[in-house]
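In: Requesting a structural model of the entry that follows:
(one chain, ligands or ions: 1)
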Amino acid sequence: MANTEAHGRGNWNSTLGFVLAAAGSAVGLGNIWGFPSQVADNGGAIFILIYLICCFAIGLPVMIAELTIGRHTKKNPVGAFRMLGKGPLAPLIGVWGLICGVMILAFYLVVSGWTLAYVIEEILYYFGHRDLAAVVGNLEHGTKNAIFSVLFMLATITIITGGISNGIEKATKMLMPVLIGLLLIMIFYVLTLEGAMDGVRVYLMPDFSELNTGVVLSAMGQAFFSLSLGMGALITYGSYISKNQNIVQSATYVTLADIGIAFLAGFLIIPAMYVALSSGIDILDAEGNLVRGTQLVFIVLPEMFHNMGGLGLVAGVAFFTLLSLAALTSTISLLEVPVSYAIDEHRITRRKAAWGIGGGIAVLSVIVSYNINLIDVLVSVFNEIGLPLGGLMICIFLGYFWKTENALLEISKGYENVGESSFGAIWSFFIRYICPLLIGLVFISTIYSMLPWFG
Ligand code: TRP
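Out: From the prediction side, this is the model:
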């Protein structure tokens with residue numbers, strides 16, 4: 001077993017193990033601060049409704065497509081498209097995925113590092129190492145970013161070198177339930193605090209006046225990023241699934257888990273913002289909108305936790321531990337893509353691939369650490385354009401070159417007669433027509449919205 005893990009490709013041990021690993025990849029910083037702040041910003045429940053439609057109309061069909069390509073070829077994204085496609089262009093879809101994954105990981109590590117820094121600083125302080133805590137706290141920003149993103153990469157590499165069933169599967173099987181447990185405890189706690197119910201109201205009351213094309217497009221973009229689609233991460237994870245697994249069922253579980261955790265996170269973050277407001281912290285920006293993204297989680301929340309005294313410290317450490325764990329199961333999936341490529345295509349051992357490629361990406365994240373403005377540029381190019389473009393190419397490739405009939409034949413290996421079922425017909429229709437159309441729309445309008453940035 002250990003031998004196959006080191007030199008062969010390895011497999012998930014169980015369906016549950018795979019579902020948890022894929023859900024771990026999906027659930028990350030995107031769910032815990034991305035989703036809640038988008039909801040708060042885009043009209044509350046109306047955004048949630050559109051987001052749900054996007055997850056099921058685009059996300060789920062594309063997820064099934066990626067997993068099917070992965071299981072059929074048993075290869076990394078580049079190898080998979082080379083095997084299925086005829087011309088020299090097909091592998092480029094995989095190459096594009098690799099590039100997106102590497103660049104996303106480079107900044108994702110920096111943000112993940114912030115969560116880790118908070119946990120370590122607070123723990124040092126709590127256990128009386130105030131001088132050490134102060135050293136960490138007073139580090140110059142770039143240096144602090146760099147140290148913690150590299151530490152985060154070390155944790156990621158350690159798990160990846162363990163292989164599929166012993167590394168990724170074992171780690172996520174343990175981390176995912178801890179994450180859900182922590183999330184629930186924190187929600188119950190925050191909901192008892194003053195001001196929390198105002199947040200719940202904002203979260204669940206649809207504000208129809210906010211509905212516009214921008215909201216629809218953000219919902220689609222969020223669905224893409226949150227479900228880890230468009231760069232072959234799920235082709236790679238799919239390549240470790242056994243032939244008797246029902247891909248459609250597994251993909252549905254992963255999608256539901258991702259949506260469920262994002263929805264739960266909203267019950268934590270949005271009420272927490274209003275708790276902060278009632279304790280005198282300003283959570284509205286100059287235009288009267290809720291503060292978003294990095295600011296929200298890394299400035300407002302720590303301030304709130306500090307104002308809460310001793311219990312706030314525990315809650316703060318618990319919350320940022322939760323974010324770190326969610327981020328870790330996502331960085332694992334991002335690093336696994338280029339690592340599986342190196343193992344398959346260049347016959348390198350898993351250990352060498354993980355350290356070599358992980359080390360290279362750590363260097364990139366150090367560059368981002370000292371040039372924090374790069375994050376916005378990387379998000380625009382690789383998340384907002386890169387992932388939809390990848391997803392679009394995957395749908396077109398599967399729908400018109402590999403053909404949905406062949407994909408359905410692969411899916412039928414864990415889901416009998418799917419080819420004759422109405423589900424099979426609907427999925428094919430979505431892959432060939434609906435998804436490319438909708439993704440194309442996201443893609444075009446993203447470029448359109450970036451025009452001022454280019455010119
Ligand atoms: N889905 C993760 C999140 O919500 C991020 C992520 C992990 C990702 N792997 C991915 C995004 C692959 C796109 C592709 O934070």
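In: Flag the shaky bits of the stretch 301-450 of the chain, pLDDT-wise.
Out: 446-447, 449-450 (pLDDT under 70).
In: What parts of it come near the ligand?
Out: Proximity of the stretch 301-450 of the chain to the ligand, by CB under 6 Å from any ligand atom, involves residues S330, S333, L334, L387. Glycine gets a C-beta too; all of them are placed from N, C-alpha and C.
In: quick one: the first one from N11, how far?
Out: When CB to CB, to the nearest Å is the yardstick, S330 and N11 sit 21 Å from each other.
In: which of those two has more neighbours?
Out: S330 (26 against 19; other CB atoms under 10 Å).
In: Which positions in the helix or strand where the more buried one lies come out as buried?
Out: Assigned by DSSP states H and E, S330 falls within helix 310-346. Neighbour-count burial for helix 310-346, counted by 16 or more other CB atoms under 10 Å, picks out 313, 315-344.
In: Then stretch 351-368?
Out: A353, A354, W355, I357, G358, I361, A362, L364, S365, V366, V368.
In: and the gap between V27 and L132?
Out: V27 is 32 Å from L132, by CB to CB.
In: How about P36?
Out: Shown here: P36 relative to L132, a distance of 33 Å by CB to CB.
In: Neighbour count for these two, which is higher?
Out: Ranked by neighbour count (other CB under 10 Å), P36 and L132 place P36 first, with 28 against 14.
In: ok now do the residue nearest to P271 when sequence neighbours are not counted, which residues does it touch?
Out: Among residues not flanking P271 along the chain, G199 sits closest, at 3.4 Å (CB to CB, 6 or more residues apart in numbering). Going by CB atoms under 8 Å, 6 or more residues apart in numbering, G199 touches I270, P271, A272, M273, Y274, V275.
In: Give the full set of residues in contact with L364.
Out: By CB under 8 Å, 6+ apart, L364 lies in contact with V102, M103, A106.
In: How many residues are close by the second one?
Out: To tie it back to what came earlier, the one meant is M103. 23.
In: Can you verify it is assigned to a strand?
Out: No. Counting by DSSP: H, G, I helix; E, B strand; the rest coil, one finds M103 to be helix, located in no strand.
In: Surely it touches L378?
Out: Yes. Counting by CB atoms under 8 Å, L378 is a contact partner of M103 at 5.5 Å.
In: contacting residues around the closest residue to the ligand within the stretch 301-450 of the chain?
Out: The nearest approach of the stretch 301-450 of the chain to the ligand comes at S330, 3.7 Å away (CB to the nearest ligand atom). Contact analysis of S330 by CB under 8 Å, 6+ apart lists G24, S25, A26, V27, G28, L29, G30, Y108, S228.
In: ditto for S333
Out: S333 neighbours (CB under 8 Å, 6+ apart): A21, A22, G24, S25, S228, A233, T236, Y237.
In: Looking at those residues, which are in strands?
Out: Among those, no member falls in strands (DSSP state E).
In: Farthest pair within the residues you listed?
Out: G24 and T236 (13.6 Å; CB to CB).
In: The helix or strand where V62 lies and the ligand in contact?
Out: Here V62 sits within helix 60-73, counting by DSSP H and E. No. Legend: contact between helix 60-73 and the ligand by CB under 6 Å from any ligand atom is lacking; minimum distance shown is 10.1 Å.
In: quick one, helices of the stretch 51-200 of the chain?
Out: 60-73, 77-84, 90-126, 130-137, 141-161, 170-191, 196-204 (DSSP state H, counting those that start in this stretch).
In: Kindly apply the preceding question to the stretch 201-350 of the chain instead.
Out: With DSSP H, counting those that start in this stretch as the criterion, the stretch 201-350 of the chain has helices spanning 213-226, 233-238, 247-278, 293-295, 301-307, 310-346, 350-370.
In: The closest residue to I123 other than its chain neighbours: what's it in contact with?
Out: Leaving out its chain neighbours, the residue that sits closest to I123 by CB to CB, 6+ apart is V317, at 6.3 Å. Counting by CB under 8 Å, 6+ apart, V317 makes contact with V119, E122, I123, Y126.
In: hang on, the earlier thing: so for the helix holding V62, mean pLDDT?
Out: Confidence for helix 60-73, expressed as mean pLDDT, is 97.
In: How about it, which residues are buried there?
Out: Buried residues in helix 60-73, counted by 16+ other CB under 10 Å: 60-73.
In: how far is it from where the chain is centred?
Out: Mean-position distance between helix 60-73 and its chain equals 17 Å (CA atoms, centre = their mean, to the nearest Å).
In: hang on, the earlier thing: which two among the contacts of G199 are spaced furthest apart?
Out: Farthest apart among these by CB to CB are I270 and V275. That separation is 9.9 Å.
In: Is I58 in contact with M220, as I believe?
Out: Yes. Contact criterion CB under 8 Å: I58 and M220 qualify, at 6.5 Å.
In: Need the contacts of S333 in JSON lines (columns: pLDDT and neighbour count).
Out: Listed next are these as JSON lines, based on pLDDT from 0 to 100; neighbours: other CB atoms under 10 Å:
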{"residue": "A21", "pLDDT": "89", "neighbour count": "29"}
{"residue": "A22", "pLDDT": "93", "neighbour count": "30"}
{"residue": "G24", "pLDDT": "90", "neighbour count": "29"}
{"residue": "S25", "pLDDT": "93", "neighbour count": "25"}
{"residue": "S228", "pLDDT": "96", "neighbour count": "30"}
{"residue": "A233", "pLDDT": "97", "neighbour count": "28"}
{"residue": "T236", "pLDDT": "96", "neighbour count": "27"}
{"residue": "Y237", "pLDDT": "95", "neighbour count": "28"}
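In: Go back to these and keep what's next to the ligand.
Out: Counting by CB under 6 Å from any ligand atom, the members of the contacts of S333 near the ligand are S25, S228, A233.
In: any idea how far the second one lies from T236?
Out: Here S228 is placed at a distance of 10 Å from T236 (CB to CB).
In: from the contacts of V317, which would you call buried?
Out: Among the contacts of V317, those classed as buried by 16+ other CB under 10 Å are V119, E122.
In: what's the closest of the contacts of V317 to I247?
Out: Lowest distance from I247 to the contacts of V317 (CB to CB) belongs to V119, with 36.3 Å.
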